[in-house]
Every structure is written in structure tokens, then in C-alpha cells.
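> A structural model of the following input is requested.
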Amino acid sequence: MRISRTRAAVAVLVLGAGLAAVSGASLGIRGVPNAQPRVVGQAEPNVLAGGLTDVERVRGSQPLENPNAVASFYGYYTSTDPMVPLPPSTAEAQKSEPDKNTYLVFKHGLRGADPHYRYGTHFLFQGHEGGTNSYFTRVNLDADAAHKVTFLGAVGNAFVDGSTWNAFAGRLLFTGENAAPEGGVWQATPSYPSTIRKLDAFGYAGYEGVQTDGDGNVWLVADVGGPKGTTASHARQPNSFVYRFHPLNRRDLTRGGVLQALQVIGKNGQPIVFHDGQADADIMSQAMLDLHTYGNSFATRWVTVHDSRAPGGGASFDANAAAKAAHATPFKRPENGVFRPGVHFRQFAFTETGDTDALTEAGASHGGFGAIFLVSQSHASSSHGRLHMVFRGDVAHTGLDNIAWFSKNDVAAVEDAGDTLHEQRNALDSGYLFDVRRARPSPLRFLAEGRDASATIDSFLSGASTPGFTNDGDNEITGIHVSDGDPSVGGLLGAKVPHPWRGGWRVFWTQQHGDNTTFEIVREQR
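Sure, this is the predicted structure:
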């Protein structure tokens, strides 16, 4: 375990707003001018930037090759209810919500439920976060319909959201965002039958984003919504943290390690911390204003929140409470993060979702519409670094959730704004590219998500007129993922500069809710 104790000067890569760089220009992407409107009872198609198109890889109604009592279809839990309501009933099978995508290529293939079938070499893994029994799937991209999706296992009421590949341990990592003890981090083998084990040394929190750096540390981004204010009744208190886990043995995470959380030093020289029972004060604090002001840069350090070697350290624990006790810095619902490619894991970008309410009293100035931040360090394991805001959200660009790099400089962030904000702004979700070399990057919309027919029905039924309806409404963009599938340490996300649509690099995303369809974005053939 390597933890640098030397404070290093870290250059923050912020260039002037006058740069000629344009998001997506090097990729030849022409932006979509407008988001798709939200019209009651009307489905809308997805619209991609010029030169790009979607290819459906799997949808929720795809039967599993190994159905069971938990799930029988890719995007649905096993149920006697229909996939769409049959009038006069409003009953509908519960949807599983496939989330973050992880693409891997295993040149010798993997086993599946059919011992006599060859499943190919290209695979896409997801955790499914809905319902009371979250599960893992593997989409076999080279397989026929009967063998397209393999069920790998279930982990209870965890709300599994994030996934990644830990090349050092040769295991998939899945995160469950349930803040109760059901949440946490699991490791799983990619082949069938999968060996799944919960890693108690990570504790439980609203874990979503998860990535492995070049030293074998595991970085996590958690989303735990804070209480609403009294006077700021449409805003929530910053209540979520960014974590880093130093394993005692990077090839065997079951051996435990040290969990840390990011602490940001404010302009007054003091750590920015959570204040119990002071939601309004935190929401409208000077520190939140400073964090969300362009041009500001802050010193950071990692504080220890749990050590599995300590007496009693082997038991699971509340990582959110431990981060607060260690005076880590809370953010406005950070959700996902990924390392900037080509800089040796010295920069980590993460999104902040914000309040997902156009009426938030925090406004853009205090993070009410979220942001994109960049942590810069001299080394992946450094104890200190710097943080600055790359992009500050507004009502038209908010609910930023999943994140992926399309190039060394262009980072993609996709919206999960939610039905309330969709209605308030009459606009569904979008995916954007941001050029991080610019001090105030102008978002380039590469995806204007529509709403499929199933989600259009669900959005109507999920209102107050149908109490007890269990499925979400409008579609959500999730699982944006750019990878060449390299399962080696040299293929960790962030180790290589991506080249979408060249040299084996592929781009995936999932239109969650509704039909629960996972797409691959490809170049149009002309």
C-alpha cells in the first residue's frame, strides 16, 4: 500500500476562456441543437449528433438464457404481471433498471449456462438497481438470441448501480447505493457460474461510481441525498462524499484496506464540512458559493474514515457517517467519476447531480444544478491535491450523472434530471461533451434522449393518480461508456487515450426505464 505523505504542487489545467477548442471538434461530432420535448401521452425518438446512430444491443424484454425466481428477462423481475398494463388494470411487471455498463474482451471467451455453446469474446456487464433483489447480468455481444444474456447472480435490496473492472484482482466490482446495510461493494468473477462476494471493508453508503487507478486503489463516488432546507425548501443539504480505498493487497480486495474520503480546504483555510441540523446554512453557505465559482482552486487532502486492520474493523459500517466524523467534504449529490485519460491517473473527474428541481433556492451559484469537478494530484496515491470546477450546471444542463471520456480533453456527462424537472423545463434528458481545456466550456449535445412508448405509459401512471405504481416514468440516460475492452492493467479506464470508433473502441449507453434498452453508438455508414 503506497500513500504519499509529501504535499506536492499540482498544476491545475485550466486554460483561458478564449481558447479556440470546441467540444467534440476533434471527433467530428456535430451537435444536436435542442432537447426532445416532454409532451403528455407522446413518445419521442432519440436524436444523435450528425454522423452517429444507435444500434440496439439488448432490450428489457430479452429472455435470460438462465431464468430464475429473481429475473426471467434482461430488464424485468420475474412476475405474473404483464410488461405493459392491460386495461382496466394498471398492474405492470417491475422493471430492473440496468445501469452502468462495463465492456470487456476476453480473447479465450467465457463460460455460460449452456456448457456446449461458445459465447464469443465480447461482453457487456451491468448491475440492475431496481426492486428488492438487485442482480448482475452479462450481455454476450457475439451470441445468438437464446444465449444473449446470462444472469450472474443476485445480492438483495442493494440498488446496484455502478460497475467496473479491477484488472489487478481479475474481478468485476459492483456498487449498491442503498445507504442501509444492504448497500456496499461486491466483487464478482466474469464467467459463469460467477463467484460473488461482498467486500465489507468498503462499508455501505450511496455508492455509485467506481473506478480502479494504476496503483490498484479503488475510487468511489457516492450519492446520498441530504435533508431539504426549511427556508430553502426546494434544495437539499450537501451530504455525499468522494472516497478512495487503499487495499492491503491490490490483487485480493478481500484482505481489506483503508477507506479515505476527500476533504476540501475552503478559502478561509478550514475544511468544508457537514453541519448536522443546519441544512439551510450549508445549502446557502459561502463555501458552496466558492466551490461553484469559475476560476477558484482548492487544496485537497484524503482523510481516513475506516481501517479494516483496527479492532472490529472487519465488520461493515456506515461510510457516510464515518466520512462526516472524519470531516470530509460533502457535495451536492456526486454520482459518478472517471480518470482523465493520458495523464497517468493524476486527474479524476466527477459529476454532481444537484437538486433536480428548477425551483431550487441554491440556484446555479450554490450548486443547485450540479457541476463537473476535477481532482488533480501529482500521483494517484498522493495524499494531497487540488480541486476545481470544470462546468457549473444550469436549469438546461443539470442532473449530470454518468460520465465518460471521449478523448483526452472531451468528457461526456449525461443527464438524469427526473420527471419533475423534465416537466418544469419541458425538456427530456441530454448527453453532452465538455472540453476541459476551457475555463467555461460550452456543452455540445451529442444525444437528445426521447421517450419510448413504455416510459410514456409509465410517466402517466407514476403520478398521484395511480398510488402504489412501482415503475419510474420518463426514460433516463445511464451507462455512458467508452472502452476498447482491454482487461489488462494497461487497459484500465484512464490508462489509454480513447479513440471512439477506431481500433476496437466502442461507445455504449442504456436508455433506462421504459423498455430498458442498451444501445451502442456507431458511425453512420454512407
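> got the contact list for the closest residue to residue 330 other than its chain neighbours?
Distance criterion C-beta to C-beta, 6 or more residues apart in numbering; nearest residue to residue 330, sequence neighbours excluded, is residue 238 at 3.9 Å. All C-beta spots, glycine's among them, are computed from the backbone N, C-alpha and C. Under the criterion of C-beta atoms under 8 Å, 6 or more residues apart in numbering, the neighbours of residue 238 are 226, 274, 282-283, 288, 330-332, 367.
> Show only the entries of these found in helices.
Assigned to helices by DSSP state H, the following of the contacts of residue 238 qualify: 282-283, 288.
> surely residue 360 meets residue 234?
Yes - when contacts are counted by C-beta atoms under 8 Å, residue 360 is listed as touching residue 234 (5.0 Å).
> Have a look at these two and say which one is more surrounded.
When neighbours are counted by other C-beta atoms under 10 Å, residue 360 comes out ahead of the other of residue 360 and residue 234, with 26 against 15.
> Now do the SS call for that one.
Classification of residue 360 using DSSP: H, G, I helix; E, B strand; the rest coil returns coil.
> can you pull the pLDDT of it?
As summarised for this prediction, residue 360 has a pLDDT of 98.
> picking up where we left off before, pipe the ones in helices among the contacts of residue 238 into JSON lines and attach pLDDT per row.
Conversion of the ones in helices among the contacts of residue 238 to JSON lines gives the following (pLDDT from 0 to 100):
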{"residue": "282", "pLDDT": "97"}
{"residue": "283", "pLDDT": "97"}
{"residue": "288", "pLDDT": "98"}
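> confidence score at residue 171?
The confidence metric pLDDT takes the value 98 at residue 171.
> any idea how far the residue nearest to residue 353 when sequence neighbours are not counted is from residue 399?
Counting by C-beta to C-beta, 6+ apart, residue 333 is the residue found nearest to residue 353 once chain neighbours are left out, at 4.1 Å. The span separating residue 333 from residue 399 equals 9 Å under the rule C-beta to C-beta, to the nearest Å.
> Need the residues touching each of the two.
In the contact map built from C-beta under 8 Å, 6+ apart, the residues linked to both residue 333 and residue 399 are 353-354, 370.
> So which of these is the closest to residue 435?
For the shared contacts of residue 333 and residue 399, the residue nearest residue 435 by C-beta to C-beta is residue 370; the value is 18.3 Å.
> So of the contacts of residue 238, which two are at opposite extremes in space?
By the measure C-beta to C-beta, 274 and 367 form the most distant pair in those, at 14.3 Å.
> Restrict stretch 248-263 to CA atoms and write it as PDB.
Included here for stretch 248-263 are C-alpha records, laid out as PDB according to Å, rounded to 0.1, in the frame of the first residue of the first chain:
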ATOM      1  CA  LEU A 248      -3.800  -4.100   1.700                       C
ATOM      2  CA  ASN A 249      -3.300  -6.400  -1.300                       C
ATOM      3  CA  ARG A 250      -4.400  -5.000  -4.600                       C
ATOM      4  CA  ARG A 251      -4.800  -8.500  -6.100                       C
ATOM      5  CA  ASP A 252      -7.100  -9.600  -3.300                       C
ATOM      6  CA  LEU A 253      -9.600  -7.000  -2.000                       C
ATOM      7  CA  THR A 254     -11.000  -9.400   0.500                       C
ATOM      8  CA  ARG A 255      -7.900  -8.800   2.600                       C
ATOM      9  CA  GLY A 256      -9.300  -5.300   3.500                       C
ATOM     10  CA  GLY A 257      -7.600  -1.900   3.500                       C
ATOM     11  CA  VAL A 258      -8.000   1.800   4.300                       C
ATOM     12  CA  LEU A 259     -11.000   3.800   3.200                       C
ATOM     13  CA  GLN A 260     -10.500   7.500   2.800                       C
ATOM     14  CA  ALA A 261     -12.700  10.400   1.800                       C
ATOM     15  CA  LEU A 262     -11.800  13.700   0.000                       C
ATOM     16  CA  GLN A 263     -11.500  16.800   2.200                       C
END
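> Pull out the buried positions in it.
With burial defined by 16 or more other C-beta atoms under 10 Å, the residues of stretch 248-263 counted as buried are 248, 250, 253, 256-263.
> Tell me how far that stretch lies from the chain's centre.
Its chain's average C-alpha position is 21 Å from that of stretch 248-263, according to C-alpha atoms, centre = their mean, to the nearest Å.
> what's the average pLDDT for it?
Mean pLDDT, taken over the full extent of stretch 248-263, equals 98.
> any low-confidence regions in the stretch 251-400 of the chain?
The model of the stretch 251-400 of the chain has no residue with pLDDT under 70.
> Quick check: which ranges of the stretch 1-150 of the chain have low pLDDT?
Under the criterion of pLDDT under 70, the regions of the stretch 1-150 of the chain flagged as low confidence span 1-22, 25.
> all helices of it, in order?
Counting by DSSP state H, counting those that start in this stretch, the stretch 1-150 of the chain forms no helices at all.
> still on that earlier bit, residue 465: which of the contacts of residue 238 is nearest?
For these, the minimum distance to residue 465 (C-beta to C-beta) is 29.7 Å, reached by residue 226.
> The closest one touches residue 235, doesn't it?
No - Residue 226 lies out of contact with residue 235 (C-beta under 8 Å); the separation is 9.3 Å.
> between these two, who's got more neighbours?
When residue 226 and residue 235 are compared for neighbours, residue 235 comes out ahead with 28 against 19, by other C-beta under 10 Å.
> And the residue nearest to residue 353, how close does it get to residue 368?
Residue 333 sits 11 Å away from residue 368 when distances are taken as C-beta to C-beta.
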